[in-house]
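A.B. asks: After the sequence you'll find the predicted model.
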Amino acid sequence: MASDLNPDTALGRDSIIKVIMEALPLLLPSNYAWLLPYTGDVQKLDDLVKAGRFPGVHELYVALAYALMFNVLRRVLTRILFRPLAEFSMGDAIITIKNEKVKDKKIIKFVEAAWRLCFYAAFCGLGFFVLFLNPTTVDWISDTKNHWTQWLAYSANIDYYTKLYYQLQIGVYLHQLWWTEINRKDYKEMIIHHIATLLLLSLSYVTSFTRIGTTIILVHDLADIFLETAKIFVYLKKYSTGTYSPTHY
């Protein structure tokens, strides 16, 4: 039975690859050569992309699927974990509120911070692996000068985990862009932040500055863990009754 399915599976995969390759003339490095630190024949870079030996825009399309995955995961965690945790932690100050809009507004702030704390912590773990435990990266992470040297040589050797790191990061910021509350006071600033982050992530990948890119991503994610943790404690202190203290955690 499995052997009968293999030709169909291969055919479907080849069809997808063919569609992507037909779209490549619009996405090849020759279309954004002005972004690249390369003075040679840019056609060579186009050929490397087609051969899978240089980062291409088409490799980031999977981030759309990851964005959908994060949407589903957020809904599930909000229902079974974040919202019940918010109601429990804030105590009677939340339970006794009759106006559902006011109640939800207070809970949503806690839920957003808890969600971001979770994915920043997860990304820090993945980033630590990519930068310090992955055998293909340990030869350059210890000397920051190597973030910039042999640009074309290391472009052909971007490993699976670095690609996954970028794809997940772009996916989560697409998700964040979709979930930005338009009724929050700083929604314009948040939308600009998410768009700028998506541009920086995408451009650093397709121009193959992934060494410095992954390092910066990890540093920012690590700082955001402390930021979101502080927000959670602020919300608990602000909305809790005297029967609860954030120091209980």
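C.D. replies: Cool, the structure landed.
A.B. asks: Once you drop chain neighbours, what's closest to the residue nearest the centre of the chain?
C.D. replies: Centroid-nearest residue in the chain, with Cα atoms, centre = their mean: Gln169, separated by 1.5 Å. Distance criterion Cβ to Cβ, 6 or more residues apart in numbering; nearest residue to Gln169, sequence neighbours excluded, is Leu201 at 5.6 Å. (Each C-beta comes from the backbone N, C-alpha and C, glycine too.)
A.B. asks: C-alpha coordinates for the helix or strand containing that neighbour, PDB please?
C.D. replies: According to DSSP states H and E, Leu201 maps onto helix 187-206. Output in PDB follows, covering the C-alpha atoms of helix 187-206 (Å, rounded to 0.1, in the frame of the first residue of the first chain):
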ATOM      1  CA  TYR A 187      -1.400  49.700  18.200                       C
ATOM      2  CA  LYS A 188       0.200  51.900  15.500                       C
ATOM      3  CA  GLU A 189       3.600  51.600  17.100                       C
ATOM      4  CA  MET A 190       3.100  47.800  17.500                       C
ATOM      5  CA  ILE A 191       2.200  47.300  13.900                       C
ATOM      6  CA  ILE A 192       5.200  49.400  12.800                       C
ATOM      7  CA  HIS A 193       7.400  47.300  15.100                       C
ATOM      8  CA  HIS A 194       6.100  44.000  13.700                       C
ATOM      9  CA  ILE A 195       6.500  45.100  10.100                       C
ATOM     10  CA  ALA A 196      10.000  46.400  10.700                       C
ATOM     11  CA  THR A 197      10.900  43.200  12.400                       C
ATOM     12  CA  LEU A 198       9.600  41.100   9.500                       C
ATOM     13  CA  LEU A 199      11.500  43.200   7.000                       C
ATOM     14  CA  LEU A 200      14.800  42.900   9.000                       C
ATOM     15  CA  LEU A 201      14.400  39.100   9.400                       C
ATOM     16  CA  SER A 202      13.500  38.500   5.800                       C
ATOM     17  CA  LEU A 203      16.200  40.800   4.400                       C
ATOM     18  CA  SER A 204      18.900  39.300   6.600                       C
ATOM     19  CA  TYR A 205      18.000  35.800   5.500                       C
ATOM     20  CA  VAL A 206      17.800  36.400   1.700                       C
END
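A.B. asks: buried residues in that helix?
C.D. replies: Met190, His194, Thr197, Leu198, Leu201, Ser202, Ser204, Tyr205, Val206 (16 or more other Cβ atoms under 10 Å).
A.B. asks: hmm, who's touching it?
C.D. replies: By Cβ atoms under 8 Å, 6 or more residues apart in numbering, the surrounding residues in contact with helix 187-206 are 29, 32, 35, 55-57, 59-60, 166, 169-170, 173-174, 176-177, 180-181, 184, 210, 212-213, 217.
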